[in-house]
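Enquirer: I would like the atomic coordinates for the input below:
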Amino acid sequence: MEYLHTDPNSGLSYYSSEEPVSGKTIVRTQQDCQAVIDHAAVQRAEGMRDKGIDGHMKKYCDLPMAIILELKKKGINMLRPSNGDWKRFFKKIETNYPLLNTTEMKGCRPK
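Expert: Numbering: from 1, shown residues only. This next block holds a predicted model:
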């Protein structure tokens, strides 16, 4: 796998490799999300995201670009979400990425 570059804005690193059978070039992305996870943990511990005016939106999670791309592969487009994306988004975050939550409040109750 050959390193291409790291985008300073998103923190995504890009790598390319060639598939031996087809000869196609595959570009893969990778991102170190530990700083995002640590920051979300601080916000959860402080509980600041749980406060606010009833009925208004509150910050639910920090979403690194690598996770946005993973969700997109699964058919959940959070760059341009439709109404149907939201329920699936909350379920994926609660079940697969709970460390990204900035609050103890739940977006959904997965079964």
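Enquirer: in which helix or strand would I find residue 37?
Expert: helix 34-46 (DSSP states H and E).
Enquirer: Find the nearest non-adjacent residue to the residue sitting nearest the centre point of the chain, please.
Expert: The geometric centre of the chain, computed from its C-alpha atoms, lies nearest to residue 67 (CA atoms, centre = their mean), at 3.0 Å. Excluding the flanking residues, the one nearest residue 67 by CB to CB, 6 or more residues apart in numbering is residue 97, at 6.1 Å. The way it works is simple: take the backbone N, C-alpha and C, and place the C-beta from them, glycine included.
Enquirer: Quick check: phi and psi at the one you found.
Expert: Main-chain dihedrals, residue 97, degrees, to the nearest 10: phi -130, psi 50.
Enquirer: Just confirm it contacts residue 64, I think it does.
Expert: No. Residue 97 lies out of contact with residue 64 (CB atoms under 8 Å); the separation is 9.4 Å.
Enquirer: tell me the pLDDT at residue 32?
Expert: For residue 32, the pLDDT comes out at 89.
Enquirer: Same question for residue 108.
Expert: 66.
Enquirer: Sketch out the low-pLDDT regions of the chain for me.
Expert: 49-57, 108-111 (pLDDT under 70).
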